[in-house]
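Engineer: take this sequence and fold it.
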Amino acid sequence: MTPKVIRRTKIVATIGPASESDDMIAKLIAAGVNVFRLNFSHGTPQQHARVAARVRKQATIAGMYVGILADLQGPKIRISGFKAGSIELTAGDRFRLDLNLGEDEGDIRGVGLNYAELCTSVERGDTLLLDDGRIRLRVDDVEAAAVDCSVLVGGTLGSRKGINRLGGGLAAPALTAKDLTDIDSLSEVMPDFVAVSFVSSAHDIRQTRELLEQHDLAPAIIAKIERAEVIADESILDDILIASDGIMVARGDLGVEVGDAQLIGIQKELISRARRMDRVVITATQMMESMINSSLPTRAEVFDVANAVLDGTDAVMLSAETAVGRYPVHVVRAMSDAAMGAEAQPVARTSRYRLNTEFASAQETIALSAIYAANHYPKVRGIACLTESGRTPLMMSRLSSGRPIFALSRLGETLQRLCLCRGVVPLYFDSTAFDENDVEASAIEFLLDGGYLGKEDSILLTRGAIMGTAGSTNIMKILSVT
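Structural biologist: Below is the predicted model:
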């Protein structure tokens with residue numbers, strides 16, 4: 001029997017009206033979704049809890065581990081509403097951002113907004129970006145409760161659109177009152193991952209973790225990188241990475257603040273930095289945007305996904321494409337195909353990472369040595385990692401390889417977290433149920449029966465001398481399948 005072809009890059013899909021039914025969730029899992037994102041900017045806690053239950057039900061039916069990511073809304077800074085619903089601005093017009101204007105009192109002369117600190121956060125000459133940068137204003141004068149601007153780039157401006165400052169600096173607290181309420185509701189959702197929006201410091205991550213712990217929740221925390229000032233300060237960025245379990249390259253607001261021309265280099269650096277620090281990384285926003293209404297991606301979108309894969313991202317994410325798009329299953333398949341095409345390239349299958357670096361522990365030594373050995377010994381089909389905490393397969397996944405990492409664990413929470421790690425296939429296997437002399441043969445038989453190995457393959461196996469103990473990995477063997 002020919003072993004299964006395994007995609008290494010994970011796919012995160014956002015659930016919405018187009019994808020929240022049992023039938024569609026089942027089809028998306030079959031198409032290749034590894035993690036479902038619940039966008040807390042929309043819907044109620046009760047709705048999210050119901051969808052999470054459907055995901056778990058369909059994952060169980062499919063016999064797969066599928067993660068759930070709860071994405072907190074965060075402090076989106078927005079203008080208020082217009083009397084007519086929208087206005088038309090022309091380059092050269094004067095326009096006023098006025099804190100004293102009511103919720104729906106805006107007109108062609110100006111509009112209110114929900115950010116009281118605006119007048120202390122901008123100065124003359126600054127560029128303000130509205131509606132994801134489609135409208136651009138130059139700050140001409142700053143008063144105590146209003147900012148007078150000139151329109152640089154006009155267009156139709158609707159109510160409650162977002163506002164950013166070119167270069168960043170509009171920094172409301174990461175956790176809003178809504179976020180705190182949503183965190184209180186997560187006991188009903190039981191997410192494997194929680195994403196924190198508009199993170200500005202490691203404190204935002206620590207605060208979120210403390211709040212989750214108060215509800216006896218311990219999901220992995222993903223810091224969304226979308227503020228220019230975070231990118232500009234390496235010490236702040238590193239502190240955020242250390243405090244979190246991973247990051248999301250949130251290219252929407254980040255692109256608005258730093259400019260699209262700078263974004264590609266920032267994406268590469270963020271992915272590289274996260275991998276160096278043993279953190280997972282998701283690349284997100286508009287990856288296959290045209291497929292909201294088209295059954296086929298553009299060539300540029302395929303290249304965008306492939307480029308992120310070649311950069312080393314753990315996961316690529318779909319937003320509106322699966323939440324409200326017309327072709328949710330098609331877009332997941334297209335993204336999967338693009339990822340696997342990139343993974344077939346030699347540059348994505350080898351690594352010199354940490355080649356000249358001393359290792360910090362026996363566990364790290366075994367983890368990284370296993371990948372190098374597998375990459376350079378053609379008979380090795382993959383790596384079987386008997387794991388408790390998931391730390392060893394996580395470290396393995398930081399190196400590029402063409403070999404799958406089979407994470408064999410008896411702990412469901414460990415396997416759920418590994419859904420997001422590049423190249424890791426989480427599989428339930430209780431090593432403590434076997435005699436120590438039989439566990440290796442039993443692991444090979446398990447992988448052979450599952451179609452992950454073929455006759456005459458070899459497998460590289462790692463485990464701890466003391467079975468069932470986290471952090472004890474200190475054995476590596478190359479075993480033949482007979």
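
Engineer: ok, Thr392 to Lys10 distance?
Structural biologist: Per CB to CB, to the nearest Å, Thr392 is found 18 Å from Lys10. (Glycine included, C-beta is placed from N, CA and C.)

Engineer: neighbour count for those two, which is higher?
Structural biologist: Thr392 (28 against 25; other CB atoms under 10 Å).

Engineer: show me what contacts the more buried one?
Structural biologist: When contacts are counted by CB atoms under 8 Å, 6 or more residues apart in numbering, Thr392 touches 363, 366-367, 385, 462, 473.

Engineer: would you map out the domains in this structure?
Structural biologist: Using automatic domain parsing, the domain parsing of the chain gives 10-73+173-345, 86-165, 362-480.

Engineer: mind putting these into JSON lines with distance to Ser80 and mean pLDDT?
Structural biologist: Output for the domains of the chain, formatted as JSON lines (distance: least, CB to CB, whole Å; pLDDT from 0 to 100):
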{"stretch": "domain 10-73+173-345", "distance to Ser80": "17", "mean pLDDT": "96"}
{"stretch": "domain 86-165", "distance to Ser80": "4", "mean pLDDT": "95"}
{"stretch": "domain 362-480", "distance to Ser80": "37", "mean pLDDT": "89"}
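
Engineer: turn those into CSV, columns for distance to Ile79.
Structural biologist: Listed next are these as CSV, based on distance: least, CB to CB, whole Å:
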stretch, distance to Ile79
domain 10-73+173-345, 14
domain 86-165, 5
domain 362-480, 35
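
Engineer: go through these and name the closest to Pro3.
Structural biologist: Of all the domains of the chain, the one in closest proximity to Pro3, counting by CB to CB, is domain 362-480 (4.9 Å).

Engineer: any figure for the gap between Lys10 and Val256?
Structural biologist: For Lys10, the distance to Val256 equals 26 Å [CB to CB].

Engineer: end to end on stretch 422-431, go ahead and measure it.
Structural biologist: 23 Å (CA to CA, to the nearest Å).

Engineer: buried set for it?
Structural biologist: By neighbour count on 16 or more other CB atoms under 10 Å, the buried set for stretch 422-431 is 422-427, 429, 431.

Engineer: if we can go back for a sec, most surrounded residue in the contacts of Thr392?
Structural biologist: For the contacts of Thr392, neighbours tallied by other CB under 10 Å; top is Cys385, 31 neighbours.

Engineer: check which element follows the host helix or strand of that one along the chain.
Structural biologist: Taking DSSP states H and E as the criterion, the element that holds Cys385 is strand 380-386. Per DSSP H and E, strand 380-386 leads on to helix 391-396 as the next helix or strand towards the C-terminus.

Engineer: keeping just the C-alphas, turn that next one into CSV.
Structural biologist: Included here for helix 391-396 are C-alpha records, laid out as CSV according to Å, rounded to 0.1, in the frame of the first residue of the first chain:
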residue,chain,number,x,y,z
ARG,A,391,7.2,20.2,22.9
THR,A,392,9.5,17.8,21.0
PRO,A,393,7.3,17.7,17.8
LEU,A,394,6.9,21.5,18.0
MET,A,395,10.7,21.9,18.0
MET,A,396,11.0,19.5,15.2
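
Engineer: next structured bit after that helix?
Structural biologist: Taking DSSP H and E, what comes next after helix 391-396 is strand 405-409.

Engineer: pull the distance from the first helix or strand past that following strand going along the chain to the chain's centre.
Structural biologist: The C-terminal neighbour of strand 405-409 among helices and strands, as given by DSSP H and E, is helix 412-417. Computed by CA atoms, centre = their mean, to the nearest Å, the separation of helix 412-417 from the middle of its chain amounts to 17 Å.

Engineer: what's the answer for stretch 416-425, then?
Structural biologist: With CA atoms, centre = their mean, you get 12 Å for stretch 416-425.

Engineer: next, the distance between the ends of it.
Structural biologist: 10 Å.

Engineer: can you check stretch 14-26 too?
Structural biologist: Termini of stretch 14-26 sit 14 Å apart (CA to CA).

Engineer: tell me the buried residues in that stretch?
Structural biologist: Neighbour count says stretch 14-26 has 14-16, 18-20, 24-26 buried, by 16+ other CB under 10 Å.

Engineer: now tabulate these in TSV and tack on secondary structure and distance to Tyr65.
Structural biologist: Converted to TSV, the buried residues of stretch 14-26 look like this (DSSP: H, G, I helix; E, B strand; the rest coil; distance: CB to CB, whole Å):
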residue	secondary structure	distance to Tyr65
Thr14	strand	19
Ile15	strand	17
Gly16	coil	23
Ala18	coil	24
Ser19	coil	19
Glu20	coil	20
Met24	helix	19
Ile25	helix	15
Ala26	helix	15
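
Engineer: closest to Lys268 out of those residues?
Structural biologist: Thr14 (24.1 Å).

Engineer: does that closest one really touch Val331, like I thought?
Structural biologist: No - with contacts counted by CB atoms under 8 Å, Thr14 stays clear of Val331, the gap being 11.0 Å.

Engineer: give me the common contacts of these two.
Structural biologist: 318, 321-322.

Engineer: show the pLDDT at Val5.
Structural biologist: We have a pLDDT of 79 for Val5.

Engineer: now the spatially closest residue to it that is not a sequence neighbour: how far from Ser290?
Structural biologist: Leaving aside its chain neighbours, Val5 sits nearest to Met340 (7.7 Å; criterion: CB to CB, 6 or more residues apart in numbering). The gap separating Met340 from Ser290 is 20 Å, by CB to CB.

Engineer: again with Lys27
Structural biologist: Taking CB to CB, one finds Lys27 at 21 Å from Ser290.

Engineer: what do you get for Leu217?
Structural biologist: Applying CB to CB, the value for Leu217 to Ser290 is 37 Å.

Engineer: again, but for Ala344
Structural biologist: 24 Å.

Engineer: sorry, back to before: could you dump the buried residues of stretch 422-431 to JSON lines with secondary structure and distance to Thr469?
Structural biologist: Shown next, in JSON lines, are the buried residues of stretch 422-431 (three-state DSSP; distance: CB to CB, whole Å):
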{"residue": "Arg422", "secondary structure": "coil", "distance to Thr469": "26"}
{"residue": "Gly423", "secondary structure": "coil", "distance to Thr469": "24"}
{"residue": "Val424", "secondary structure": "strand", "distance to Thr469": "20"}
{"residue": "Val425", "secondary structure": "strand", "distance to Thr469": "23"}
{"residue": "Pro426", "secondary structure": "strand", "distance to Thr469": "19"}
{"residue": "Leu427", "secondary structure": "strand", "distance to Thr469": "20"}
{"residue": "Phe429", "secondary structure": "coil", "distance to Thr469": "16"}
{"residue": "Ser431", "secondary structure": "helix", "distance to Thr469": "11"}
